[in-house]
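A.B. asks: test case, fold it:
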Amino acid sequence: MSIVLIGLLASLGAGLMTGVGALPVLFGRTITRKWSDMLLGFAAGVMISASFFSLILPGLDIAKAETGSVWAAAAIAAGGIVLGALAVFAMNEALPHEHFIAGPEGADPGALSRIWLFVIAITIHNFPEGMAVGVGFGGGDVANGMSLATGIGLQNAPEGLAVAVALRGLGYAKGRSFLIALMTGLVEPVGGLIGVVAVTMAEALLPWGLTFAAGAMLYIISHEIIPETHRGGHQHRATTGLIVGLVLMMFLDVTLG
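C.D. replies: The predicted structure follows:
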């Protein structure tokens, strides 16, 4: 099986975990805000750990091997992280979207309905995650790619549940809330395909791709997820979830990678 197909399927599997996490809403199950914040904190912890252990550190190692210089490797990693963060910032500014609590952001939505604004907001989150999985496979390192896909899938489940529960709270039907949550995860294989094809076709892009994906995820964590988990006054639970997610992803990376 080609590495491109493996990367695509792995990012698809990670994206489908959003739908798995949303399944409880079909049976009328809901969660309290404090548990939602804790689960989103867990997702943030997984993303932080994946950013450093599965993306930035391998990116540094590859850049050092390619350039033979620690200074050049550090410069490439720094550049990739900054570019990734800037890319998400640009999407946030250019695309009209709305968060469940923070409200509308970005450009004028025009005639777009509110539900599409929610979908766009979650898509901005999920696309870099899928790209991270694809880039992880792009260098031919299946173990690192599997570690990333597993970690991203784990953090997608609580995100899917939180999205579906929030939609139910806004009055959407059970089935529609579930389908929307599932759809938002399906952007991940698109990002995964772009990531794996790009670094497979131009191997010199691999350290840039790894650190770019890390920068994009770190921006999302700081700009969206952590502030969201602290708005309801449940910062202790959210921080506990973050630490658990970070440690779990670290173990996955060490044992699977």
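
A.B. asks: what about the stretch 151-257 of the chain, any weak spots by pLDDT?
C.D. replies: Under the criterion pLDDT under 70, the flagged ranges of the stretch 151-257 of the chain are 257.

A.B. asks: which parts of it are helices?
C.D. replies: All helices of the stretch 151-257 of the chain, identified by DSSP state H, counting those that start in this stretch, fall at 174-185, 188-201, 206-220, 226-230, 235-256.

A.B. asks: now do residue 253 against residue 119, distance only.
C.D. replies: Distance, residue 253 to residue 119, by C-beta to C-beta, to the nearest Å: 31 Å. C-betas here are computed from N, CA, C, even on glycine.

A.B. asks: what's the burial count for residue 155?
C.D. replies: 28 (other C-beta atoms under 10 Å).

A.B. asks: roughly how far does it sit from residue 201?
C.D. replies: Counting by C-beta to C-beta, the gap from residue 155 to residue 201 is 29 Å.

A.B. asks: same thing with residue 178?
C.D. replies: To residue 201, residue 178 is 37 Å away according to C-beta to C-beta.

A.B. asks: do the same with residue 55
C.D. replies: 19 Å.

A.B. asks: spatially nearest residue to residue 148 (excluding sequence neighbours)?
C.D. replies: Nearest non-adjacent residue to residue 148, counting by C-beta to C-beta, 6 or more residues apart in numbering: residue 136, 4.0 Å away.

A.B. asks: so where does the one you found fall, helix or strand?
C.D. replies: Using DSSP states H and E, residue 136 falls within helix 114-138.

A.B. asks: other SSEs contacting that helix?
C.D. replies: Applying 3 or more C-beta pairs under 8 Å, 6 or more residues apart in numbering; DSSP states H and E, one finds that helix 114-138 makes contact with helix 3-22, helix 70-94, strand 97-99, helix 142-169, helix 174-185, helix 188-201, helix 206-220.

A.B. asks: around residue 224, how many other residues sit close by?
C.D. replies: Counted with other C-beta under 10 Å, the neighbours of residue 224 add up to 20.

A.B. asks: also residue 94?
C.D. replies: Neighbour number of residue 94 under other C-beta under 10 Å is 10.

A.B. asks: just the one 10 residues further on next, same as before
C.D. replies: The number of residues packed near residue 104 is 14, by other C-beta under 10 Å.
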